[in-house]
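[1] Provide a 3D model corresponding to the input given below.
(2 chains)
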Amino acid sequence: MEDMKRFYSLFPWPEDLEGVGRERYGRALRYFRDVVKHPFFSRGSFKVLDLMGGVGIGGVALCKVLKEAGKEVKLTILDLREEALSKAKTFAQEELGEAPELIVGDAFLAHELVERADVVLIYGLTMPHFDPWRVSLLLNSVREVVRPEGAVLIHHLDHIYWEIYLHPSGDVYPFFFDDDLTLSLFRRYDMKSGSIRRVVVSPRTGDEVEYGVYEWNISLMAALIWTFFEDVEYFPILPDKSAGIIMGVRPRGAWRVEDLKLPALLEG
Amino acid sequence: MISLEGSELDSLYSLLPWYGDPYTPQGRERYERALKEFSELKAHPFIEELPEEPRILDVLSGEGIGGVALSKSLGRRVRLYLMDLRERALEVARRFSREELGDEAEVLVHDAIRVHEVLRDLDLVLMYGLSTPHFDPWRAILLLASISESLKDDGVFLVEETDRRYWVFYMTGYKDVMSEFRGDEPTLSMHKGYDFRRGTFKRVHFSLLRGEMAEFEVYFWGVAEFMSLMWLFFEEVDMRPVDYKRFILLARHPRRRIRPADLKLPSMLR
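    Prediction:
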């Protein structure tokens, strides 16, 4: 498993809840106002799990929109980073009027760590952290958490369209954050996982961490969700439909968590 | 989902630089290469542990190069089925199997995503000829569910595959327009569109000599993508390189957690 704490200490992902973070929250509210028009959201109450929720932008936005629609909500946020969860607690109290349940833990063990939920949300374009093998493991854990008539929602971008077709450059990406520069450098392609191994480097401090990034499209993610959920729906959030929220409904009952163990060929 | 009729596939394959006919020099070369590759694969436990007289199906078989080569290289009596949507290709396959194996293979004009409707209790299903781009991920799942259903409990699925994400996306770069030669015949392959829901690139192939063109959709599979899907349908997966670009992906023991009847067209594709 990647060292995500170290990765996020170098990678400039906005986690403030004022400037860029507030804009992200505003966008999330807009997206979810469209999503909750789906008949799935016609029931009266929802237990929501925001998986890898960070500072809680996605989970708080979804719950806020559900509350606006007159629903009862209960929010749980799970993340590896205690510091992010501490911000999430304050943020949820401000926006929803009550503190969420917070769980420090690994999303792949969600089935062991949390009670069953009506909705599991993965928000923040998180999936490139995981290759198709690991996403299958993750979805199998999520499937176990989701109640029989529940759903998973995944905020997702078509990276093949954006990064392979529209802007195929990509050996070095510069990122600017608080006037600091961070570089992400191509290292190699890992065929067994389908991931690109990249190194993120701070030229100022010399700190670096290697990470894998898998360039997902919408289709493969949605089809994988279909192997664990009976139906799949898509809510585009960009006019060209290259990003959106994928919803899998009704977990398939035949799977067991213990069915899937990474095959030996991925070792070494 | 990607779906072409047999006549559309005939038209497409008449334009692509692809040599399926074993009675052409290039097709014969492919056949001989396949014989060598399967001879080397024979020692793999998934193949070695097949029953004495296995029932083998070659899906998307075209003119039968893969299925015939595998059967011949096993060196034992095989009950061979060849399945494709192209009747003309299967006529060639029938003759080729008779000449190479002594026994004529049974040919079936049928869609590979519905194998289980016509064949069961197979020992091995083969998909040879780098055929995965015909399937978007949705249809690949239908294919895997159907093949799992048609195999015995210890059945084996073999797929010839290459990593298009690496070779096309990362090494060459996706090209809007590119020239390709079918022998000496110049052709153009052109980008026409991209379908987000299916992940497919729509392209048009145009012969500059004949003025003919065919439109098709292609999904650029990497090895990891297709093999990880196979893993959702089979308990054991493995892979063997056959040259610097190609692999044989192997899977055994269908899980049958997802069965063909479970897969209703999702709302997203309606």
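[2] mind checking which helix or strand B:His253 is in?
    According to DSSP states H and E, B:His253 maps onto strand B:246-254.
[3] If you could redo that for B:Ser179, that was the one I meant.
    Here B:Ser179 is assigned to strand B:177-182, by DSSP H and E.
[4] any idea how far that strand is from the chain center?
    22 Å (CA atoms, centre = their mean, to the nearest Å).
[5] Can you name every helix or strand that that strand contacts?
    Counting contacts by 3 or more CB pairs under 8 Å, 6 or more residues apart in numbering or on different chains; DSSP states H and E, strand B:177-182 packs against strand B:185-195. Quick note: C-beta positions are derived from backbone N, CA and C, even for glycine.
[6] After the strand it packs on, which helix or strand is next?
    Past strand B:185-195, the next helix or strand by DSSP H and E is strand B:200-207.
[7] where's that next one relative to the chain centroid, distance-wise?
    19 Å.
[8] Quick one: name the residues of the stretch 101-250 of chain A near chain B.
    A:131-133, A:136, A:158, A:160-161, A:164-165, A:168, A:189, A:191-196, A:215, A:217-220, A:222-224, A:226-227, A:230-234, A:236, A:240-242, A:246 (CB under 8 Å from any CB of the partner chain).
[9] and stretch B:195-213, which residues are buried?
    By 16 or more other CB atoms under 10 Å in any protein chain shown, the buried positions in stretch B:195-213 come out as B:195-207.
[10] Give the helix, strand or coil label for the residue nearest to B:Thr132 when sequence neighbours are not counted.
    The shortest distance from B:Thr132 to any non-neighbouring residue, by CB to CB, 6 or more residues apart in numbering or on different chains, is to B:Trp221 (4.6 Å). The local conformation at B:Trp221, judged by DSSP: H, G, I helix; E, B strand; the rest coil, is coil.
[11] since we're on residue 134, how many residues are nearby?
    Because you didn't say which chain, this covers chain A. Neighbourhood size, A:Arg134 [other CB atoms under 10 Å in any protein chain shown]: 21.
[12] Actually, chain B is the one I wanted.
    Counted with other CB under 10 Å, residues neighbouring B:His134 total 23.
[13] cool, and the one 4 residues further on?
    Applying other CB under 10 Å, we find 26 other residues in the vicinity of B:Trp138.
[14] could you point out where the chain is predicted with low confidence?
    Just so you know, I chose chain A. Under the criterion pLDDT under 70, the flagged ranges of chain A are A:1-3, A:12-14, A:169, A:268.
[15] The chain in question should be chain B.
    B:1-4.
[16] Now do the domain split for it, please.
    B:6-163+B:220-269, B:167-217 (automatic domain parsing).
[17] Within the helices and strands, which one has A:Leu49?
    Using DSSP H and E, A:Leu49 falls in strand A:45-51.
[18] Just the buried residues of that strand, please?
    Quick answer for strand A:45-51 (16+ other CB under 10 Å): A:Phe46, A:Lys47, A:Val48, A:Leu49, A:Asp50, A:Leu51.
[19] Now the fourth one: closest residue in space that isn't a chain neighbour?
    Going back to what we said before, that points to A:Leu49. A:Ala117 (4.1 Å).
[20] I'd like the distance from the one you found to B:Ser14, if you could.
    Using CB to CB, to the nearest Å, one obtains 54 Å as the distance from A:Ala117 to B:Ser14.
[21] So these two - more neighbours on which side?
    Shown here are A:Ala117 and B:Ser14; by other CB under 10 Å, A:Ala117 has more neighbours (24 against 14).
[22] Dig out what the more buried one forms beta bridges with.
    A:Val146 (DSSP bridges).
[23] correct me, but it touches A:Leu51?
    No. Taking contacts as CB atoms under 8 Å, A:Ala117 lies outside contact range of A:Leu51: 9.3 Å.
[24] picking that back up, need the winner for burial among the domains of chain B.
    Highest mean neighbour count of the domains of chain B: domain B:6-163+B:220-269, a mean of 20 (counted as mean count of other CB atoms under 10 Å in any protein chain shown).
[25] Quick check: what element follows the longest helix along chain B along the chain?
    Longest helix of chain B, by residue count under DSSP state H: helix B:25-41. Using DSSP H and E, the helix or strand that follows helix B:25-41 towards the C-terminus is helix B:45-48.
[26] what about that following helix and chain A, touching?
    No. On the criterion CB under 8 Å from any CB, helix B:45-48 is out of touch with chain A, staying 12.7 Å away.
[27] can you list contacts of that helix?
    Contacts to helix B:45-48, defined as CB atoms under 8 Å, 6 or more residues apart in numbering or on different chains, come from residues B:Leu41, B:Lys42, B:Leu74, B:Val156, B:Glu236, B:Asp238, B:Leu250, B:Arg252.
[28] quick check, nearest of those residues to A:Asp106?
    Proximity of the contacts of helix B:45-48 to A:Asp106 (CB to CB) peaks at B:Glu236, which lies at 26.4 Å.
[29] quick one, what contacts that closest one?
    Neighbour list for B:Glu236: A:Pro263, B:Phe46, B:Ala251, B:Arg252, B:His253 [criterion: CB under 8 Å, 6+ apart].
[30] how about JSON lines for those residues, with distance to A:Glu149 added?
    Putting the contacts of B:Glu236 into JSON lines (distance: CB to CB, whole Å) gives the following:
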{"residue": "A:Pro263", "distance to A:Glu149": "33"}
{"residue": "B:Phe46", "distance to A:Glu149": "40"}
{"residue": "B:Ala251", "distance to A:Glu149": "33"}
{"residue": "B:Arg252", "distance to A:Glu149": "35"}
{"residue": "B:His253", "distance to A:Glu149": "32"}
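[31] from these, which single one is nearest B:Met190?
    B:Ala251 (35.3 Å).
[32] Tell me which residues touch the residue nearest to that closest one when sequence neighbours are not counted, please.
    Nearest in space to B:Ala251, with sequence neighbours left out and distances taken as CB to CB, 6+ apart, is B:Phe234 at 3.6 Å. Contact partners of B:Phe234, counting by CB under 8 Å, 6+ apart, are B:Ser148, B:Phe157, B:Ala251, B:Arg252, B:His253, B:Pro254, B:Arg255.
[33] Now do the domain split for chain A, please.
    Split by automatic domain parsing, chain A gives A:4-158+A:216-251, A:162-212.
[34] Which residue does the stretch 51-200 of chain B have closest to chain A?
    The nearest approach of the stretch 51-200 of chain B to chain A comes at B:Gly199, 3.0 Å away (CB to the nearest CB).
[35] for the longest helix of chain B, packing partners?
    Looks like helix B:25-41 contacts helix B:65-74 (3+ CB pairs under 8 Å, 6+ apart).
[36] how about stretch B:251-263 as CSV, C-alpha atoms only?
    Extracted in CSV, the C-alpha atoms of stretch B:251-263 (Å, rounded to 0.1, in the frame of the first residue of the first chain):
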residue,chain,number,x,y,z
ALA,B,251,-7.3,-18.3,-16.0
ARG,B,252,-8.7,-21.4,-14.3
HIS,B,253,-11.6,-22.4,-12.1
PRO,B,254,-14.6,-20.2,-12.9
ARG,B,255,-15.9,-18.5,-9.7
ARG,B,256,-19.5,-18.0,-11.1
ARG,B,257,-20.2,-15.2,-8.6
ILE,B,258,-21.7,-13.3,-11.6
ARG,B,259,-23.7,-15.3,-14.0
PRO,B,260,-25.0,-14.3,-17.4
ALA,B,261,-28.6,-14.0,-16.1
ASP,B,262,-27.4,-11.6,-13.4
LEU,B,263,-26.3,-9.1,-15.9
